[in-house]
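1. Provided below for reference: sequence and predicted model.
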Amino acid sequence: MAMPAHPVNTRRKGPAVGPMSSSTPSWTDDLPVCHLSAIGFSTNQVYRADGGREEEHEFEDRCFHFKCDDIYLYGVFDGHSGVHVADFVRQRLPVELLLGQLTDVEDDFSVKKILQQAFLTVEAAFFETIDAALAEKMKLKLQLPEGLSDYELYQKYPKEVEKLQSLDSEIIGGTSAILALIHKGKLYIASVGDSRAVLCTREPDNKLKVRQLSIDHTIDNEDEQLRLSQLNLDVAGIQQATGLYGRGLAGHPTTRSIGDYSFKGGYRDIEVLSYAASEPVIAEPEVIGGLPITGLSGFLLVFTNGLIKSIEETTDTSQLNMDIAYRVAAEFQFQSTLSGVAQQVVDKVVRNHHDTYLSGMERAQYCQKRDDITLLLRNFDYPLWSSVSPLGSSVSPLPGYNPVTVPYSPHRTETSLSLFIPSPTPPTLTHSISQTPIITGIPSVTPSSVPITQPIFVDVSNPNIPNSPSSSHTSTIESQPSSGTSTPQKYDPTHTNSTGTQGSTNSDTQSSPFLFQRLSEPRDTNSQAEPDEEGYIEPYVDFTDFMRAYEAAANEIHYSQEA
């Protein structure tokens, strides 16, 4: 009897949204959170022509970031065909690692074995939870006549078909899973699926070294192709197969995952996989480590495939790991919290993806919708804006890069428009990031083809960027000098603001113009302005230059759109 290959997911949606949420309470809810890490996320979206957006399915990503005694454990789980597997794995993996299993273990081999066994044990436990659903499904299928199409079955046996679909929603589904473990001063990464871990370290020569520590388990991975061919599978034919997720393993997005019973215990029911000598999709993780992290300056990024695809669809970049590392390093200069860094990176990617769709340009065809996004950031002594020393050299705002909090316009206006915000402690770093990262050491390669033993280097030192007063934390729209006749008021670097904090500019020769110029001296605060006959008082702020700059910018954008 033929049944739908991918039945509708009928699981009831819970009210909680977010990678830390769960449909059921768990003991992990009370585990202490690691405050050296943060999460940024965004739910999936389908775009409409009118500019609106809506979710295609419930949010299916899950994650955790725990600190238990001297053990740090981070996990990101990219669920598919429902959230139940990702929920289960998020709750059960810590049980296999944080209840004393690692207490007396120090050598790398033993730690890797424990991580590998944890993945396999959790999947076996999940399959035990669906035993009853599998038995009921088999019993129900035997009661239905064979030789009928799906439409005929639904017409004659609607209740039975709906029950089968409900059972399938419990059986199907799986998740990519990636763990980062810090134990005894070493970092270990264990993963199945296509989520990714990238370690970014600041080297003594001020270069940001970017290393991918995980392996993408997809049909395009040569090692996975070899493994599948040894199972007597036609790899070339599988690569051409399409399904729910497009190009992949008979419609399945990855070659390794937790769950996905139909591609494991039920793989013989799938024609292209039926000749395999054993299960083609496996849950055995590849483990990398341990990497010493003592004295490390940098950050670890763990993110789902939704972030990867969103950037690729928008930019067509061939250096994706470097691109993400560059975005995160840039936000470290603007944000005062790790949560701000992680969420702003995600927000900017989401906004760019939607803007690309609305632009109608060439890449808009690839940006019709996007998947869930989760980004986990773990800091290793990389300086945040709030924690950098005010005694170092200031860093120029990144050319060509604006965080979400800074207005963005691809066009320059003919009028200077600058908003000065005095900062009590201007952000200072010991290096600056160049607009175009420089690859050194590995000519003409992309991150996907670079072995883990050959890291990519991003040159983050740029002596051509001057350390000027404008380099401090100032929200500025760069443009040509103003042609206005009014003289802006000078900012006195020795002036103290209303909170008693000294301003951030320290140059006697350069000044920062205010956006609005006073027409006259400030009024005596004890005197009251007399209203005129219409009830208005004399203005004391001149908006002329501001309105002229606003109109010039609006006209330029209007003309560029017409062109």
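-> Yep, that arrived. Numbers count the residues shown, from 1 in each chain.

2. leaving out chain neighbours, which residue sits closest to residue 289?
-> Leaving aside its chain neighbours, residue 289 sits nearest to residue 188 (3.2 Å; criterion: C-beta to C-beta, 6 or more residues apart in numbering). Using the backbone N, CA and C atoms, a C-beta is placed for each residue, glycine as well.

3. beta-bridge partners for the one you found, please?
-> Judged by DSSP bridges, the bridge partners of residue 188 are residue 181.

4. kindly report the same for residue 298.
-> As for beta bridges, residue 298 partners with residue 201, residue 381 under DSSP bridges.

5. wait, it sits on residue 210?
-> No. Taking C-beta atoms under 8 Å as the contact criterion, residue 298 and residue 210 are not neighbours in contact, 9.4 Å apart.

6. compare neighbour counts for these two and give me the winner.
-> Taking other C-beta atoms under 10 Å, residue 298 and residue 210 do not tie; residue 210 has more neighbours (27 against 22).

7. the more buried one falls within a helix, correct?
-> No. With the criterion set as DSSP: H, G, I helix; E, B strand; the rest coil, the secondary structure at residue 210 is strand rather than a helix.

8. quick one: low-confidence ranges for the chain?
-> Scanning the chain for pLDDT under 70 picks out the ranges 1-24, 241-248, 250, 386-529, 535, 537-541, 557-563.

9. what about 80?
-> For the chain, applying pLDDT under 80 flags the ranges 1-28, 237-252, 385-547, 550, 553-563.

10. neighbours of the residue nearest to residue 289, how many?
-> By the criterion of other C-beta under 10 Å, residue 188 has 20 neighbours.

11. which residues do residue 298 and residue 210 both contact?
-> Taking C-beta atoms under 8 Å, 6 or more residues apart in numbering as the contact definition, residue 298 and residue 210 share the neighbouring residues 199-200.

12. next up, the contacts around residue 292.
-> In this structure, residue 292 makes contact with 185-187, judged by C-beta under 8 Å, 6+ apart.

13. list just the nearest of the residues you listed to residue 26.
-> Distances from these to residue 26 were compared by C-beta to C-beta; the smallest belongs to residue 187, at 25.6 Å.

14. just to check, the closest one is in contact with residue 201?
-> No. With contacts defined as C-beta under 8 Å, residue 187 does not count as touching residue 201, sitting 11.0 Å away.

15. before we move on, the earlier item: turn the contacts of residue 292 into JSON lines, including distance to residue 375 and neighbour count.
-> Formatted as JSON lines, the contacts of residue 292 follow (distance: C-beta to C-beta, whole Å; neighbours: other C-beta atoms under 10 Å):
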{"residue": "185", "distance to residue 375": "25", "neighbour count": "13"}
{"residue": "186", "distance to residue 375": "23", "neighbour count": "16"}
{"residue": "187", "distance to residue 375": "18", "neighbour count": "22"}
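
16. now render those as JSON lines, adding distance to residue 162.
-> As requested, those are exported to JSON lines (distance: C-beta to C-beta, whole Å):
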{"residue": "185", "distance to residue 162": "55"}
{"residue": "186", "distance to residue 162": "51"}
{"residue": "187", "distance to residue 162": "48"}
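
17. tell me which of those is nearest to residue 50?
-> The shortest approach to residue 50 among these belongs to residue 187, at 46.6 Å (C-beta to C-beta).

18. please name the nearest non-neighbouring residue to the closest one.
-> Leaving aside its sequence neighbours, residue 187 sits nearest to residue 291 (C-beta to C-beta, 6+ apart; 4.5 Å).

19. what's the answer for residue 342, then?
-> Counting by C-beta to C-beta, 6+ apart, residue 40 is the residue found nearest to residue 342 once chain neighbours are left out, at 3.3 Å.

20. same question for residue 364.
-> With C-beta to C-beta, 6+ apart as the measure, residue 357 is the residue that lies nearest to residue 364, at 5.2 Å, once sequence neighbours are left out.

21. wait, is that neighbour part of a helix?
-> Yes. Secondary structure assignment places residue 357 in a helix (three-state DSSP).

22. looking at it, residue 275 is touching residue 233, isn't it?
-> Yes. In this structure, residue 275 is within contact of residue 233 by C-beta under 8 Å, at 6.5 Å.

23. who's more crowded, the two?
-> For residue 275 against residue 233, the residue with the higher neighbour count under other C-beta under 10 Å is residue 233, and the figures read 21 against 12.

24. what sits against that one?
-> For residue 233, counting by C-beta under 8 Å, 6+ apart, the contacting residues are 272-273, 275-276, 280.

25. what helix or strand does it sit in?
-> Counting by DSSP states H and E, there is no helix or strand that carries residue 233.

26. measure it to residue 98 for me?
-> As for residue 233, its distance to residue 98 is 37 Å (criterion: C-beta to C-beta, to the nearest Å).

27. quick revisit: between the contacts of residue 233, which is nearest residue 366?
-> For the contacts of residue 233, the closest approach to residue 366 (C-beta to C-beta) belongs to residue 272, at 26.6 Å.

28. my read: the closest one touches residue 234, true?
-> Yes. Under the criterion of C-beta under 8 Å, residue 272 lies in contact with residue 234, with a separation of 7.5 Å.

29. out of those two, which sits in the busier spot?
-> Neighbours around residue 272 and residue 234, counted as other C-beta under 10 Å, are more numerous at residue 272. The numbers are 18 against 14.

30. can you classify that one as helix, strand or coil?
-> Going by three-state DSSP, the secondary structure assigned to residue 272 is helix.

31. cool, the one 4 residues further on as well?
-> Reducing the assignment at residue 276 to three states with three-state DSSP gives coil.

32. what sits against the closest residue to it other than its chain neighbours?
-> Ranked by C-beta to C-beta, 6+ apart and with sequence neighbours excluded, the top spatial neighbour of residue 276 is residue 231, at 4.5 Å. Residue 231 makes contact with 276-278, 280, according to C-beta under 8 Å, 6+ apart.

33. now those residues in CSV, with neighbour count and distance to residue 178?
-> As requested, these are arranged in CSV below (neighbours: other C-beta atoms under 10 Å; distance: C-beta to C-beta, whole Å):
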residue, neighbour count, distance to residue 178
276, 17, 25
277, 9, 28
278, 10, 24
280, 24, 21
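
34. of all the residues you listed, which two lie farthest apart?
-> The most widely separated members of the contacts of residue 231 are 277 and 280, with 9.2 Å between them, by C-beta to C-beta.

35. where along the protein do the helices fall?
-> Assignment of helices within the chain using DSSP state H yields the ranges 84-92, 108-129, 131-143, 150-156, 158-171, 222-229, 235-240, 305-315, 320-332, 338-359, 544-562.

36. closest to residue 385 out of those?
-> Proximity to residue 385 (C-beta to C-beta) singles out helix 320-332 among those, at 7.0 Å.

37. quick one, the closest one and helix 305-315 angle?
-> Calculated by axes from the mean of the first three to the mean of the last three C-alpha atoms, to 10 degrees, helix 320-332 forms an angle of 90 degrees with helix 305-315.

38. helices or strands next to helix 320-332 in the packing?
-> Using 3 or more C-beta pairs under 8 Å, 6 or more residues apart in numbering; DSSP states H and E, the elements in contact with helix 320-332 are strand 196-202, strand 207-212, strand 298-303, helix 305-315, helix 338-359, strand 456-459.
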